[in-house]
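# what's the 3D shape of this:
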Amino acid sequence: MRRWLPLWIALGSFAAGGTLGFLVGEAARPETGPGPTASPIPIPSPTAKSSPTRTATSIPTDTPAPSPTSTSSATPTPAYTPTITLTPTITLTPTATPTYKPIAAIVLEQANCRYGPGAAYLYEYGLYPGVRVDIIGRNNLGDWAYVHPWTFFDRCWVRSDLLEIRGDLFEAPPYYSRLPFGELYQPPTNVRASRNGDQVTIAWDPVWMTEDDYRGYLIEAWLCQDGQLLFTPLRSDETQVVVTDEAGCSEASGARLYTAEKHGYTQWVLVRWPAHTLTATPTP
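The predicted structure is shown next:
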């Protein structure tokens with residue numbers, strides 16, 4: 001009996017505590033009268049989150065701006081209208097083809113080939129016996145021939161009596177070749193001429209040249225002799241020469257002067273040619 005006593009005591013305490021708690025709760029409960037009815041707070045239904053739709057954005061394309069359309073009927077006039085000058089087209093003049101066939105010749109003895117038709121011109125190179133040449137020109141008198149040697153590229157002048165010519169030299173046309181030009185020295189200055197009858201004196205001031213370059217002076221003169229105007233080249237180491245120029249030619253006489261050095265010639269200087277003095281014939 002004593003063993004069960006504590007158990008019964010515990011159960012009794014539990015039951016008493018429960019009854020007491022029920023009575024106290026009932027006393028504290030408020031009265032439920034017809035008071036304001038509480039509106040239920042709506043609870044929003046969860047909305048499914050939609051993934052944002054990606055909208056493709058097109059890349060703008062460069063669109064050419066529309067050309068402005070002029071609505072004005074008046075055409076603007078520029079303040080300055082450039083004038084275009086057309087450059088004329090250079091028309092090449094064809095070189096006249098010679099109507100003669102070059103004349104064949106053979107050098108008979110050693111000869112000096114020169115830059116002009118005369119011993120007054122500078123030496124270019126030598127021609128030796130047996131060398132074949134083509135004659136392509138001559139001077140007026142025919143005592144000098146302008147030749148193209150088979151063994152050389154450059155053309156030159158040689159005395160015609162030193163050639164064995166196979167044909168007529170005068171079938172070749174008269175010719176004048178261009179002289180080599182030298183730039184080291186100046187042309188002669190203070191060039192003058194005076195006449196005493198048929199004698200014409202040409203004079204000029206000296207041009208300084210080194211001893212190695214010095215080749216004197218060249219005079220190319222057209223002189224009237226026996227009624228015929230003759231081309232006469234002269235070389236001089238002096239600064240004065242005297243030439244014979246007669247009256248009676250249909251063409252005017254004249255001359256030009258060069259400084260000569262071993263590389264070539266300067267620009268020529270025209271000699272102011274003195275005219276013949278008319279002598280009145282006494283009336284008997």
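# CA atoms of stretch 208-226 as CSV?
Extracted as CSV, the C-alpha positions of stretch 208-226 are listed here (Å, rounded to 0.1, in the frame of the first residue of the first chain):
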residue,chain,number,x,y,z
TRP,A,208,90.6,82.2,-119.4
MET,A,209,91.1,78.5,-119.6
THR,A,210,93.4,76.0,-118.0
GLU,A,211,96.4,74.9,-120.1
ASP,A,212,95.0,71.4,-120.3
ASP,A,213,91.5,72.4,-121.4
TYR,A,214,92.6,75.2,-123.8
ARG,A,215,91.8,74.6,-127.5
GLY,A,216,91.6,78.2,-128.7
TYR,A,217,88.6,79.6,-130.5
LEU,A,218,86.4,78.5,-133.4
ILE,A,219,85.0,80.9,-136.0
GLU,A,220,82.3,79.6,-138.3
ALA,A,221,82.1,82.2,-141.2
TRP,A,222,80.0,82.4,-144.3
LEU,A,223,82.2,84.5,-146.7
CYS,A,224,81.5,85.8,-150.2
GLN,A,225,84.3,84.8,-152.6
ASP,A,226,84.1,84.9,-156.4
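# what pLDDT, on average, does it get?
Mean per-residue pLDDT for stretch 208-226: 96.
# Check which residues of it are buried.
Neighbour counts over stretch 208-226 (16 or more other CB atoms under 10 Å) mark 209, 215, 217-225 as buried. Where you see a C-beta, it was placed from the backbone N, CA and C, and this is true even at glycine.
# Mind putting these into TSV with secondary structure?
Converted to TSV, the buried residues of stretch 208-226 look like this (DSSP: H, G, I helix; E, B strand; the rest coil):
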residue	secondary structure
209	coil
215	strand
217	strand
218	strand
219	strand
220	strand
221	strand
222	strand
223	strand
224	strand
225	strand
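# show me what contacts the residue lying closest to residue 274 once chain neighbours are set aside?
Using CB to CB, 6 or more residues apart in numbering and skipping the chain neighbours, the partner closest in space to residue 274 is residue 195 (3.9 Å). By CB atoms under 8 Å, 6 or more residues apart in numbering, residue 195 lies in contact with 201, 245, 274-277.
# Understood, closing this out.
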